[in-house]
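Colleague: give me a model of this one.
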Amino acid sequence: MTVYEATTALPTTLLAALLLYPLLYLALVDAMIPLVAALVCLAVAAGAAEEEVAVESAAEAPGDGNYDAAAARRDGAGPPRPRSKRSSAGGGLRWRDLGVSLEHCPHTTSQALDRYLYKGDAEGVGGGCLDDSVWILHPCSGHVPHGSLCGILGPSGAGKSTLLAALGGTTPRRAGLHLTGSVWYAECAVELEEPGADANATQCRRHPLSPGEGDVAMLTQHDHFFDMLTPRESLEFAAFLESQKQNAKSGANGGKRITVDHKAIAERKLASLGLSDVADRKIGDRTSLDGGRSTGLSLDGVLNHLGSLWSSRRRGGARSRSRNGGGGGLSGGERRRLSVALELVTEPKVFLADEPTTGLDSSQAEKVVQLIAKLAKERDVPSVCTLHQPKSSIYKLLDQFVLLGPGGKMCYAGEREGAIEYFGKIGYECPRDTNPAEYFIDLVTVDTDDPAQAVADKARIDFLHHQFLESCIAGGEWLSSSSDDRSTEQSTRMETSVTSAMIGRRTFAFDLIRMKIRKVSDSIRRFGALLKRSFRQNIRNNRIVMLRLAASVVQAGLFAAIFPSVQDNKSLSKSIADRVALLTFGVVNMSIMSLMKTLNLFAKERGVVLREQMRSSYTSLEYLLAKVLAEIPLDSFFALLFATVLKRLTGLRTSMLTLIKTYCLMTVSSASLGFAVGSIASSVESAMSLGIPIIIIFMVVGILNPSGVDPSEQPNQVLRLLKPLSPIKWAIEALVTSEFRGMVFDQRDRDWMGTLRDLPKMGGLAMVRDGDDVLSNLGLSEAEYSNIMQNLAILSGAYLLMSWLGLSYFGPSFITTDTSTEDI
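Modeller: Have a look, this model is predicted:
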């Protein structure tokens with residue numbers, strides 16, 4: 001079978017399948033279950049039967065201090081084990097000499113203090129690295145204990161988000177920044193289980209933090225969701241991906257497989273964060289006019305109601321008939337709580353939140369900070385959040401805070417309760433009846449409108465920075481060797497190496513086969529979940545579906561009315577230009593519709609995909625294949641509808657099947673182009689800004705000139721390079737070739753008087769004798785329909801390959817800090 005035959009067979013098959021698309025999809029998803037079962041049976045036949053160990057997910061509920069679910073997943077499961085009592089003396093989130101600069105500056109906190117001692121004399125203490133303009137975040141050190149909520153305060157441009165990204169390991173590599181220092185998670189415990197152990201002695205273990213391993217939960221400033229899904233579905237999907245990732249990690253280490261009830265996890269997250277009442281409500285898009293809410297009696301509302309009834313029947317009715325679950329999108333506070341729930345699915349060691357109160361009123365903002373503080377204490381994890389002008393009630397929720405001045409100069413880091421006393425001792429007494437947070441932020445704010453005051457402000461900030469560095473170093477807080485951490489880490493590395501050697505000696509051929517089968521099985525499971533999510537997102541967007549459906553029918557009827565000469569009872573010779581124009585406008589119309597829809601949808605999902613890719617939840621190829629399989633059949637359906645109506649209302653010679661195949665494949669190619677552009681865009685705006693010029697260029701270079709082509713005039717090099725990249729060019733040439741190849745004109749229409757009358761309107765085409773002569777004048781004398789369709793199919797595959805490369809290359813890539821335990 002040739003490439004063309006294989007490609008053109010796809011739209012033909014889809015023609016019979018599209019009307020039953022939802023049923024076919026459900027059958028596809030259901031078929032994955034026996035496929036996975038067959039893979040497991042094959043593993044058993046190879047001698048690698050796997051023991052399924054059920055993990056009691058109820059242990060993740062707050063208040064249960066006897067079971068660490070994350071540790072169970074790391075160790076390969078087992079019965080709940082007593083958890084050591086954590087010590088707050090040295091455990092939690094720690095960082096030392098952490099800085100972010102525009103140049104490589106291996107600078108330390110002590111050297112930062114030297115700049116004040118040497119009165120700006122840079123010789124011998126760092127050279128150009130002491131220049132303030134080099135640093136976005138000056139070297140700093142700090143500690144957030146377990147169960148504490150630490151706020152990062154400071155004016156705009158002080159480096160609050162920069163510090164948070166450096167702590168979480170999410171500083172983008174493409175930003176061109178340089179990180180210094182180290183960040184780690186210290187777990188200190190009193191081993192009470194051992195006989196004769198000293199209850200006052202602590203043993204600390206240092207762990208590097210990795211966002212990809214789920215160690216860090218990062219709540220960004222803006223919420224990103226699939227707006228057509230419900231909170232329950234979003235949480236179930238996130239819990240499923242996390243369980244798959246833990247299974248893959250366990251399999252790679254030779255551990256046992258884990259069975260996790262991700263639906264039960266989602267239910268507990270919904271209950272603990274107060275989202276049970278809206279669990280079955282569509283999240284909605286806050287950028288739309290109605291926020292996802294249904295207004296009045298409409299087809300959209302009827303379809304939504306029917307969908308909710310179907311969901312109610314499938315869930316048994318009771319769960320979906322919640323108090324507010326009938327419709328409408330989530331409020332700002334509910335969306336924020338859902339974002340928190342999604343981040344907590346991974347059982348993180350550290351919780352970070354970047355401006356969690358963005359876009360919320362004061363009441364909702366306080367509730368969100370209360371929630372973060374509550375979760376920090378219940379889960380005993382260090383939590384850090386950036387705050388902009390917090391009111392006094394929010395300030396009192398903080399256990400600690402970090403005060404940053406311009407350039408990321410740390411002017412305070414410590415307990416909230418001791419801040420007023422500290423600043424009072426150095427001459428800055430907080431006035432009574434004043435919000436301390438506002439007063440502290442004013443201390444590190446520069447008045448740029450008054451040059452004289454700006455100089456005084458900068459001097460005050462330098463003094464505060466100097467005083468804080470001096471007080472901390474004098475107290476020895478940042479110069480500790482952390483010898484306990486180092487020795488524990490070294491012993492851990494030795495144990496890991498010994499364990500790895502033992503696993504290596506036990507590795508046989510059937511172990512490798514088992515791992516490969518498990519890997520394929522997990523990939524199929526993830527692909528099925530991604531496909532299901534994409535299908536739900538598409539099929540529930542009733543408004544867009546109905547608009548595209550109506551547009552396909554109306555536009556086909558409009559084109560038929562604009563070109564009335566393209567009818568069976570009209571002269572063929574006099575409709576040459578109209579036939580070319582009709583086919584051209586139809587291709588351009590469907591191509592732009594498919595491209596714009598793909599760009600908008602693909603770019604809107606980019607935030608969610610980046611978050612999931614940061615956690616290494618799935619591969620770019622799995623996401624792309626699921627997206628293509630969910631999107632392209634729906635796009636092809638609209639192309640099929642447009643081609644069918646256009647054929648019925650006009651007198652085009654091209655057969656119905658040829659017209660449908662061409663428009664469907666052209667739509668696939670345009671959607672693939674949309675995937676390629678969307679894969680490198682960071683937002684809807686950037687995707688549109690890049691996609692619209694591209695489609696306009698491809699339209700200009702792809703349209704045929706109805707007046708004919710001069711063979712002696714060759715296009716320039718740029719046009720020769722752009723033309724093969726245009727799906728519009730290939731689709732127009734395919735349809736025009738099919739329409740005019742073998743066309744015979746009635747000789748009565750070719751008399752000399754009629755030719756002279758048509759000459760001003762038709763140009764050179766008025767002199768043609770038949771359809772082949774038309775193709776020769778258009779420069780398509782050697783064109784073959786099958787070859788053109790083959791080229792269009794190859795172009796579609798090339799754009800999909802570009803999409804995969806774009807998702808892989810432009811995916812999340814971060815700068816890591818030094819995680820070694822050596823003294824700095």
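
Colleague: and the helix or strand where C150 lies, what does it pack against?
Modeller: If you go by DSSP states H and E, C150 is part of strand 149-153. Here strand 149-153 touches helix 160-168, helix 362-379, strand 383-386, strand 400-405, helix 436-443, going by 3 or more CB pairs under 8 Å, 6 or more residues apart in numbering; DSSP states H and E. C-beta here means a position set from N, CA and C on the backbone, and glycine is covered the same way.

Colleague: how about 6 Å then?
Modeller: strand 383-386, strand 400-405 (3 or more CB pairs under 6 Å, 6 or more residues apart in numbering; DSSP states H and E).

Colleague: any chance of CSV for those strands, columns mean neighbour count and distance to Q567?
Modeller: CSV is the format used below for the helices and strands packed on strand 149-153 (neighbours: other CB atoms under 10 Å; distance: least, CB to CB, whole Å):
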stretch, mean neighbour count, distance to Q567
strand 383-386, 26, 67
strand 400-405, 25, 74
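
Colleague: where in the stretch 1-150 of the chain is pLDDT low?
Modeller: 1-90, 107-128, 130 (pLDDT under 70).

Colleague: how about Y412: what's its closest non-neighbour residue?
Modeller: Counting by CB to CB, 6 or more residues apart in numbering, Y412 lies nearest to L403, which is 4.1 Å off, once chain neighbours are set aside.

Colleague: who are the contact partners of the one you found?
Modeller: Neighbouring residues of L403 by CB atoms under 6 Å, 6 or more residues apart in numbering: 153, 411-412, 440.

Colleague: who is it paired with across the strands?
Modeller: L153, Y412 (DSSP bridges).

Colleague: against which helices or strands is the helix or strand A264 falls within packed?
Modeller: In this assignment (DSSP H and E), A264 forms part of helix 262-272. The helices and strands touching helix 262-272, judged by 3+ CB pairs under 6 Å, 6+ apart, are helix 231-252.

Colleague: for the closest residue to S620 other than its chain neighbours, grab the count of nearby residues.
Modeller: Nearest non-adjacent residue to S620, counting by CB to CB, 6+ apart: L807, 3.8 Å away. A count of nearby residues for L807, using other CB atoms under 10 Å, gives 25.

Colleague: and the helix or strand where L807 lies, which residues are buried?
Modeller: Per DSSP H and E: L807 is located in helix 785-809. Buried positions in helix 785-809, judged by neighbour count with 16 or more other CB atoms under 10 Å: 785, 788-796, 798-800, 802-804, 806-807.

Colleague: who are the packing partners of it?
Modeller: helix 3-17, helix 620-649, helix 656-680, helix 727-740.

Colleague: which one of the ones you listed lies nearest to V444?
Modeller: helix 656-680 (38.4 Å; CB to CB).

Colleague: wait, L646 sits on A556?
Modeller: Yes: look at L646 against A556 with CB atoms under 6 Å: they come within range, at 4.3 Å.

Colleague: higher neighbour count, these two?
Modeller: The neighbour comparison of L646 against A556 (other CB under 10 Å) goes to L646, with 27 against 23.

Colleague: for L735, see how far away that one is.
Modeller: Distance, L646 to L735, using CB to CB, to the nearest Å: 11 Å.

Colleague: repeat that for D280.
Modeller: 46 Å.

Colleague: more neighbours: these two, which one.
Modeller: In this view D280 and L735 are compared by other CB under 10 Å, and L735 has more residues nearby, 27 against 22.

Colleague: quick one: residues contacting the more buried one.
Modeller: Here L735 is in contact with 583, 662 (CB under 6 Å, 6+ apart).

Colleague: pull up the gap between it and Y663, please.
Modeller: As judged by CB to CB, L735 and Y663 stand 8 Å apart.

Colleague: any idea of the pLDDT on the residue nearest to S620?
Modeller: Among the per-residue scores, L807 shows a pLDDT of 87.

Colleague: was I right about it contacting I680?
Modeller: No: contact criterion CB under 6 Å: L807 and I680 do not qualify, at 8.7 Å.

Colleague: which intervals of the stretch 651-800 of the chain have sub-threshold pLDDT?
Modeller: Residues of the stretch 651-800 of the chain that meet the cut-off, pLDDT under 70, sit at 706-712, 746-769.

Colleague: related to what we said a few turns ago, just send the helices and strands packed on strand 149-153 back as TSV, with distance to M228 and mean pLDDT too.
Modeller: Shown next, in TSV, are the helices and strands packed on strand 149-153 (distance: least, CB to CB, whole Å; pLDDT from 0 to 100):
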stretch	distance to M228	mean pLDDT
strand 383-386	29	95
strand 400-405	39	95
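
Colleague: out of those strands, nearest to P724?
Modeller: Taking the helices and strands packed on strand 149-153 one by one with CB to CB, strand 383-386 is closest: 49.3 Å.

Colleague: would you mark the buried spots in the very next helix or strand once past that closest one?
Modeller: As assigned by DSSP H and E, the chain's next helix or strand after strand 383-386 is helix 392-395. By neighbour count with 16+ other CB under 10 Å, helix 392-395 contains the buried residues 394-395.

Colleague: give me the mean pLDDT for helix 392-395.
Modeller: 93.

Colleague: contacts for it, please.
Modeller: Helix 392-395 has contacts (CB under 6 Å, 6+ apart) with 366, 369, 435, 437.

Colleague: so the nearest residue to P106 once chain neighbours are set aside, which of the three states?
Modeller: Excluding its sequence neighbours, the residue lying closest to P106 (CB to CB, 6+ apart) is T180, at 5.6 Å. At T180 the chain is in strand, as set by DSSP: H, G, I helix; E, B strand; the rest coil.

Colleague: wait, T180 sits on V100?
Modeller: No: judged on CB under 6 Å, T180 makes no contact with V100 at a distance of 7.9 Å.

Colleague: that older thread, and the helices and strands packed on helix 785-809: which comes nearest I265?
Modeller: That would be helix 620-649 among the helices and strands packed on helix 785-809, by CB to CB, at 21.8 Å.
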